[in-house]
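Student: The following comprises the amino acid sequence and a computationally predicted model.
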Amino acid sequence: MFSFALAQHVKPDSIYKLPEVKITEDRLNDFSTGLSIIKIDSKKIEESNLRNLSEVISENSAVFLKTYGQGSLSTIAIRGTGPAHTGLFWNGININPSNIGLSDFSLIPSALINDVEIQLGSAASLYGSGVIGGAVHLNSKPEFKKKTIISLTGMAGSFGLYEGALSGIFSNEKWYSSVAGYYIECENNFPFTNTKPQEKLVSADYFSYGATAEVHHLFKKNYIVSLHAWHTYTHRSLPPTMTSVDNGEQQSDSSFRFLIEAKKLFSKSTLKTKIAWLKEFERYDRQKADTINPVNDIHTKYNSQGIISEAEFSTQIIRKAKLNAGINYTFYSVDITEYGQIQTRNQGAVFLSILYPFAKHKWKSTLNLRQELAEGYRIPFTPSLGVEGKVWKFISARANVSRSYRVPTMNDRFWQPGGNPDLKPESGWNMETGFFTSYNDSTKLFTPSFSITGYSSMIDNWISWQPLDTNHNIWSPVNLQKVWARGLEGNAGLLYKNKNIETGISAYYNYTISTIVETSASLKNSIGKQLIYVPLHNLSASINFRWKTISFAYIQSYTGKRFTTSDNNYSLPAYSIGNTVLNYNLRLKKFGIGLGFRINNIWNSSYQALAYRPMPGRNFNISLTFKFSNNN
């Protein structure tokens, strides 16, 4: 066992009007030319009825999330890469745990987030190690205007699910503060079909609580200081697979995250600094022996602390071109039982970006350069070049080529037995090109949208854990493979909107081929075969309708066949899931009442996202929200 467990596109910062220019201060949006970004706005998140981040992403994109079951581990895989190839950023800070390099998206409730952006494709030149397949950005977006909003929501659902959330926003022309908290518990004892006609999932209960708080102050001379804090705690029992016995496995995850930001706005420039402190704690316990295959009880603890500091300066230069330059320093200290001793890692980076608009031709290009330094590794120089612009009326084109890399995780290096301190960083080249609509006419009743992108990524020194003995008792990571991931992404939508009615349809589709090009002789049967748990086809389609105080949404998703062995001899069948949401909101002057009803898996499909991990059939939840708003 090489990892016993897993622990918010950066919300664009506010746009400030200065005497001569607007500055957005957003590295991702300003310097991601040629990349695709999926934006999930706060309204969709609010109407999801307290879903977790994994479920919100699944319903608003065709990105595949590997889930071990309701309430269990859920990781994201973008463009045929692995979970460790996707960054998770909170206000520009990478919060992936340093020991495993990937995050559990089921641990992030939608009650604590209100803006999500999914950046598809490599952005290592912008954000560093691990951003090979893409990134998910969670951010804060202060608005300095006078308002007070307080919201209280309670929800109950199938299988003993109860959740409550409280949030508040208090702001004026100089101050913006917000706070949100939640509590959730679930027995999670849903029925499923196994070798018997039907049985119930056991040892799958969980509870979780957490809170976020932030304060922003705008000083007189365009100087802004922001404080952010985020804490979550989750305890869950880990259910057995459909073919194993209950071993009394339990896991607790706790995280504390603090961030201080300072921004100074000049007439044509911005200076921005930030420092974050991240603390992660995890405990895994296995307390009951398997009588068929006896094992000793296991008690494992994981403690991690990280400090991430960054400074960047952006300014306008000739002909409205924009330059951004910065430095980053990151320090991690990790204490895990299996390491034998505390291990640390220091790494730093310098980066430079130039955005040049060709205003006459309605095109723009971006050059990004990054050099990262990490203890014990020679990190490749990481450039990227992107272009995009109009080709005909409201049709635009884009293209991007970039280099990417990933430093081995601390588990890869230090886990005992099996860790390999001699691993090389993964590295690769990524290319993509496509077309999209740029149609923004608010006077029209109908607004179409369309995007199609083709991409290709060649990743060398792909790290893979392999058995060291014939009994598969000890595993070790090695630079084993060269992987070629390529495919097509498409989305289309149509929105109709008038005074009282808003309705729309949308669809996302991913066609993904991810194969091993080179590997060791012992795995030669896997050459040319699809990577395990990478579906060839992924589709998500939805229809939304809103009339005055009533809104309705239906979401249908399809996940294609996934191979479960590297030789592609065994696979899980495709599955399709339908969810529906109905919300009613009553407004009484400054007060509002909202009633929500949701049916998940409405067609009662029986399926497994991962082998021998059952998923719940048809289930329901109902929510009630009380809201006070004063915008005067």
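Tutor: Alright, I've got the coordinates.
Student: use CA for all of it now, contacts and neighbours both
Tutor: Will do.
Student: what comes up buried for stretch 145-158?
Tutor: If you call a residue buried by 16 or more other Cα atoms under 10 Å, then stretch 145-158 has these buried ones: 147, 148, 149, 150, 151, 152, 153, 154, 155, 156, 157, 158.
Student: Between these, which sits nearest residue 562?
Tutor: Taking Cα to Cα as the measure, residue 158 is the one of the buried residues of stretch 145-158 closest to residue 562, at 28.5 Å.
Student: Which elements pack onto the host helix or strand of residue 65?
Tutor: For residue 65, the enclosing helix or strand under DSSP states H and E is strand 64-67. When contacts are defined as 3 or more Cα pairs under 8 Å, 6 or more residues apart in numbering; DSSP states H and E, strand 64-67 packs onto helix 53-59, strand 74-77.
Student: buried sites along the shortest one?
Tutor: What that stands for is strand 74-77. With burial defined by 16+ other Cα under 10 Å, the residues of strand 74-77 counted as buried are 74, 75, 76, 77.
Student: so which of those comes closest to residue 287?
Tutor: So of these, ranked by how close each gets to residue 287 (Cα to Cα), first place is residue 74, at 23.7 Å.
Student: Need the pLDDT of the nearest residue to residue 492 once chain neighbours are set aside.
Tutor: Of all residues beyond its chain neighbours, the one nearest residue 492 is residue 450 (4.3 Å), with distances taken as Cα to Cα, 6 or more residues apart in numbering. As summarised for this prediction, residue 450 has a pLDDT of 93.
Student: Would you agree residue 450 is in contact with residue 437?
Tutor: Yes - with contact taken as Cα atoms under 8 Å, residue 450 and residue 437 are classed as touching, separated by 5.5 Å.
Student: does the one residue sitting closest to the centre of the chain count as helix, strand or coil?
Tutor: Computing the C-alpha centroid of the chain and ranking residues by Cα atoms, centre = their mean puts residue 136 first, at 3.6 Å. Under DSSP: H, G, I helix; E, B strand; the rest coil, residue 136 falls in the strand class.
Student: so it makes contact with residue 117?
Tutor: Yes - the pair formed by residue 136 and residue 117 meets the contact definition of Cα under 8 Å, at 5.9 Å.
Student: Can you redo the helices and strands packed on strand 64-67 as a markdown table, where the extra columns are distance to residue 326 and mean pLDDT?
Tutor: As requested, the helices and strands packed on strand 64-67 are exported to a markdown table (distance: least, Cα to Cα, whole Å; pLDDT from 0 to 100):
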| stretch | distance to residue 326 | mean pLDDT |
| --- | --- | --- |
| helix 53-59 | 30 | 91 |
| strand 74-77 | 29 | 92 |
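Student: Which strand residues bridge residue 166?
Tutor: For residue 166, the beta-bridge partners are residue 152, residue 181 (DSSP bridges).
Student: With the one 4 residues further on instead?
Tutor: Taking DSSP bridges, one finds residue 148, residue 177 as the beta-bridge partners of residue 170.
Student: Residue 368 too?
Tutor: residue 353, residue 384.
Student: For the helix or strand harbouring residue 273, which helices and strands make contact with it?
Tutor: Taking DSSP H and E as the definition, residue 273 sits inside strand 269-286. The contact analysis (3+ Cα pairs under 8 Å, 6+ apart) places strand 269-286 against strand 249-265, strand 298-316.
Student: That strand pairs with which strands?
Tutor: Strand 269-286 has the following sheet partners, assigned by DSSP bridges: strand 249-265 (antiparallel), strand 298-316 (antiparallel).
Student: Sort out which residues of the last one are buried, please.
Tutor: Burial within strand 298-316, assessed by neighbour count using 16+ other Cα under 10 Å, is assigned to 301-316.
Student: ok, then the element right after it?
Tutor: Beyond strand 298-316 toward the C-terminal end (DSSP H and E), the next one is strand 322-336.
Student: Now do residue 82 against residue 90, distance only.
Tutor: Relative to residue 90, residue 82 is positioned 20 Å away (Cα to Cα, to the nearest Å).
Student: Same check on residue 203?
Tutor: Counting by Cα to Cα, the gap from residue 203 to residue 90 is 32 Å.
Student: quick one, which of these two is more surrounded?
Tutor: A count of neighbours by other Cα atoms under 10 Å puts residue 90 above the other of residue 203 and residue 90, at 22 against 19.
Student: shouldn't that one be in contact with residue 141?
Tutor: No - the pair formed by residue 90 and residue 141 falls short of the contact definition of Cα under 8 Å, at 11.8 Å.
Student: before we move on, back to that, gap between the strand holding residue 273 and the chain center?
Tutor: Taking Cα atoms, centre = their mean, to the nearest Å, the mean C-alpha location of strand 269-286 is offset from the chain mean by 16 Å.
Student: Could you tell me the angle between it and strand 322-336?
Tutor: On the basis of axes from the mean of the first three to the mean of the last three Cα atoms, to 10 degrees, strand 269-286 is oriented at 20 degrees to strand 322-336.
Student: Give the rounded mean pLDDT of strand 269-286.
Tutor: Along strand 269-286, the predicted local confidence has a mean pLDDT of 94.
Student: count of residues packed around residue 601?
Tutor: Applying other Cα under 10 Å, we find 21 other residues in the vicinity of residue 601.
Student: just residue 52 next, same as before
Tutor: The tally of other residues near residue 52 (other Cα under 10 Å) stands at 20.
Student: low-scoring stretches of the stretch 1-150 of the chain, by residue?
Tutor: Screening the stretch 1-150 of the chain residue by residue with the criterion pLDDT under 70, one finds the ranges 1-25.
Student: where do the helices sit along it?
Tutor: In the stretch 1-150 of the chain, the helices defined using DSSP state H, counting those that start in this stretch lie at 27-31, 42-46, 53-59, 124-127.
Student: Same check on the stretch 401-550 of the chain?
Tutor: According to DSSP H, counting those that start in this stretch, the helices that the stretch 401-550 of the chain contains are 410-414.
Student: got any ranges where it has weak pLDDT?
Tutor: 440-443, 469-472.
Student: What are the buried residues along stretch 162-180?
Tutor: Within stretch 162-180, the residues that qualify as buried are 162-172, 175-180, counting by 16+ other Cα under 10 Å.
Student: which non-adjacent residue is nearest residue 497?
Tutor: Counting by Cα to Cα, 6+ apart, residue 497 lies nearest to residue 445, which is 5.4 Å off, once chain neighbours are set aside.
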